[in-house]
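S.K.: just a sequence and a predicted model for now, questions to come.
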Amino acid sequence: MLFGVVMTLLVAMEFKQSIIRVALRRESIVQVKTVVLIALIALALKFVILDTKSTSPATIAALAGATPALGAVYWILRERNERMTAEGRDESDGE
């Protein structure tokens with residue numbers, strides 16, 4: 001029980017830090033990649049503290065389906081970010 005509370009606190013602190021980072025940059029756009037990463041951390045926490053005796057199979061299946069979906073979204077966002085960074089470097093090299 002205590003482990004679940006501590007892990008929930010860590011997820012909340014990570015979310016707070018990402019909100020503060022957005023506020024300090026004075027931008028209204030929240031980084032989707034950060035939100036997806038926080039969701040993956042929260043999902044992993046849910047699997048760790050999950051009580052399988054009282055949890056329905058449908059809930060476990062839904063959580064299991066959400067994990068690769070969020071992973072795929074994070075991977076796509078990371079690849080897009082790397083590609084945009086590489087294109088930016090290529091354009092600055094040509095000047």
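M.R.: Yes, it's here.

S.K.: check the offset of stretch 35-44 from the chain's centre.
M.R.: From the chain centre to the centre of stretch 35-44 is a distance of 4 Å (CA atoms, centre = their mean, to the nearest Å).

S.K.: pull the distance from stretch 4-24 to the chain's centre.
M.R.: Centroid separation between stretch 4-24 and its chain, computed with CA atoms, centre = their mean, is 11 Å.

S.K.: and it, C-alpha only, in CSV?
M.R.: Output of stretch 4-24 as CSV, limited to C-alpha atoms (Å, rounded to 0.1, in the frame of the first residue of the first chain):
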residue,chain,number,x,y,z
GLY,A,4,1.6,2.6,-4.3
VAL,A,5,1.2,5.9,-2.5
VAL,A,6,4.9,6.7,-3.0
MET,A,7,4.8,5.8,-6.7
THR,A,8,1.6,7.9,-7.2
LEU,A,9,3.3,10.8,-5.5
LEU,A,10,6.3,10.4,-8.0
VAL,A,11,3.9,10.5,-11.0
ALA,A,12,2.2,13.6,-9.6
MET,A,13,5.5,15.3,-9.1
GLU,A,14,6.6,14.5,-12.7
PHE,A,15,3.3,15.9,-14.0
LYS,A,16,3.7,19.0,-11.8
GLN,A,17,7.2,19.5,-13.2
SER,A,18,6.1,19.3,-16.8
ILE,A,19,3.3,21.8,-16.1
ILE,A,20,5.8,24.2,-14.5
ARG,A,21,8.2,23.8,-17.4
VAL,A,22,5.4,24.8,-19.8
ALA,A,23,4.5,27.8,-17.7
LEU,A,24,8.1,29.0,-17.4
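
S.K.: give me the buried positions along it.
M.R.: 7, 11, 15, 18 (16 or more other CB atoms under 10 Å). No exception for glycine: its C-beta is placed from N, CA and C like everyone else's.

S.K.: what helix or strand is the third one on?
M.R.: It stands for Phe15. According to DSSP states H and E, Phe15 maps onto helix 2-24.

S.K.: what ranges of the chain fall below the confidence cut-off?
M.R.: 1, 26-30, 90-95 (pLDDT under 70).

S.K.: again, 80 this time
M.R.: 1-4, 7, 15, 18-19, 21-31, 34, 52, 88-95 (pLDDT under 80).
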